[in-house]
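Undergrad: Here's my sequence, what's the structure:
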Amino acid sequence: MSDKMEGVGTITRPRSSLENAEMFCLLLGILLSTFSSVRHPIASFTASDFFITFSLLFRCIRCIPKYPLQSATSLWWVGIAMVLGGLLVGSVANGDPGEAFIVLVQYFFSFVLLPLAILGRPYEEAVALAKIGVLSIVINCLVGMGAYSVGHSGGDARQFALVTGNGRVAGLTDNPNGLAGIIDLWFPVIWYLGLTKAFRPLVFASFFGITFITLIFTSSNSSLVGAFICGVIYLFLLGKFRVFFIWSTIFVVILWIGLTFADQILPEAFVERVLNPIQQGDIENAGTFDDRADLMVEAWYFLPDYFAIGMGAGGYRELSAHDLPVHNLYLLLANEGGLIALMGLLLIFLAAVTSAVLAGPETPNRVAGRTTVITITLTFAALAMNFTHVYQRAYLVPWIVSIGLLSHYSRIRLPLKKVST
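TA: Below is the predicted model of the structure:
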């Protein structure tokens, strides 16, 4: 008689049909995640949200990850609970609970349901999601640049504009600043996939080139600064100072070429909004700097009255003399949700960084993954100084997908009973 042990934990378990359906819906959701134009004309519910919702439903039938961010899961949940709680209390006390409900649901979807749908997957699936996400932003860029090259102008259209009336590429995001910010957040993922050889060198160079050129044609001041910050942080954290020197040299050469031959190679909108104000030292004329500065001054004026209990979700627009929300997420949350909501946002940032720092030694490409997550988190935190509410999935997907590269698990077949022969 001999004993045989079958199904040892090193054997990979194939996916079930339910898992295949779940993964298919999630891949479609990630592919459509940057296409904000493909949405319901009234509600902020996109085609991407539709497929991600079905993916999560399929996952709930099987099981959902208990610790999607592993050791940092509790920090993330407490952070989003503080954001939602602060906004809810402010809405009940000072605002309109009915109107606030929409904002709260959007935040819940983005910071609770989205991580549950994306995180806690095998590494190969996490890489597949990252690749599909990069493909999404590349297609978006190609659509926008294609429309620009044929002279298309969407004028004042709020959906499917592709190119704005003043010649800025918006793609399928309907907002050139939004498209530029999303590109910034996908850059570190592109670099990760290139460094880890998940992309071949030609594919990596092509995708990075397409997104970088499109970033120029969005003519977004804040996102160009964000891209520079993103690159510096990534190279510094990577610790490869030879690579840092090479890329710094390339950047200086590109900058010199751009400044020397600006009229010949740069779009008119970029020259007017970005280059001329820099050359003339008149930063106030760069984009909408004055208008946003006025909103921030107004937000500081409101803050003492609403720091304890906020004015409620969506309440800032109602009280503002400009009838606009302040384009600074920190000031907006502090005013609408009070100190508790602001601290909750900072706790979410801390959770993302903690998940990267505590990634175990068994994590594939741990250094590159840790660098990617921390870079996106810090870039997101920097760009948030020019954002209003950030529940749009297009901004959150690259961040959460990058966390998934570290917060993975192995799909293994469960050990079977001994078989006697």
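
Undergrad: does Pro364 count as helix, strand or coil?
TA: Here Pro364 is coil, with the state taken from DSSP: H, G, I helix; E, B strand; the rest coil.

Undergrad: how close does it sit to Gly404?
TA: Applying Cβ to Cβ, to the nearest Å, the value for Pro364 to Gly404 is 12 Å. To be clear about C-beta, it is placed using only N, CA and C from the backbone, and glycine gets the same treatment.

Undergrad: what stretches of the stretch 101-250 of the chain score poorly on pLDDT?
TA: Scanning the stretch 101-250 of the chain for pLDDT under 70 picks out the ranges 244.

Undergrad: my read: Arg168 touches Phe217, true?
TA: Yes. Using Cβ atoms under 8 Å, Arg168 is in contact with Phe217, at 7.2 Å.

Undergrad: which residues are common contacts for the two?
TA: Common contact partners of Arg168 and Phe217 (Cβ atoms under 8 Å, 6 or more residues apart in numbering): Ala269.

Undergrad: Going along the chain, name the strands of the chain.
TA: 3-4, 162-163, 169-171, 419-420 (DSSP state E).

Undergrad: Ala341 against Leu88, yeah?
TA: No. Ala341 is not in contact with Leu88 according to Cβ under 8 Å; the separation is 9.4 Å.

Undergrad: who has more neighbours, the two?
TA: Set Ala341 next to Leu88 and count neighbours by other Cβ atoms under 10 Å: Ala341 wins out with 27 against 21.

Undergrad: Okay, helices next: where are they in the stretch 1-150 of the chain?
TA: Ranges of helices in the stretch 1-150 of the chain, per DSSP state H, counting those that start in this stretch, are 17-31, 47-62, 73-94, 97-108, 114-118, 123-149.

Undergrad: out of those helices, deepest packed?
TA: Counting by mean count of other Cβ atoms under 10 Å, helix 114-118 has the highest mean neighbour count of the helices of the stretch 1-150 of the chain, with a mean of 24.

Undergrad: Alpha carbons of it, as PDB, please.
TA: C-alpha atoms of helix 114-118 as PDB (Å, rounded to 0.1, in the frame of the first residue of the first chain):
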ATOM      1  CA  LEU A 114     -14.000  49.500  -7.400                       C
ATOM      2  CA  PRO A 115     -11.200  48.100  -5.100                       C
ATOM      3  CA  LEU A 116     -13.300  45.000  -4.300                       C
ATOM      4  CA  ALA A 117     -13.700  44.400  -8.100                       C
ATOM      5  CA  ILE A 118     -10.100  44.900  -9.000                       C
END
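
Undergrad: elements contacting it?
TA: Contacting helix 114-118 under the criterion 3 or more Cβ pairs under 8 Å, 6 or more residues apart in numbering; DSSP states H and E are the following elements: helix 17-31, helix 47-62, helix 393-404.

Undergrad: Can you report how many residues neighbour Ile42?
TA: For Ile42, the neighbour count with other Cβ under 10 Å is 6.

Undergrad: mind listing what it touches?
TA: Ile42 neighbours (Cβ under 8 Å, 6+ apart): none.

Undergrad: I'd like to know how far it sits from Gln159.
TA: Distance, Ile42 to Gln159, by Cβ to Cβ: 11 Å.

Undergrad: Equivalent analysis for Pro267, please.
TA: Pro267 is 23 Å from Gln159, where distance means Cβ to Cβ.
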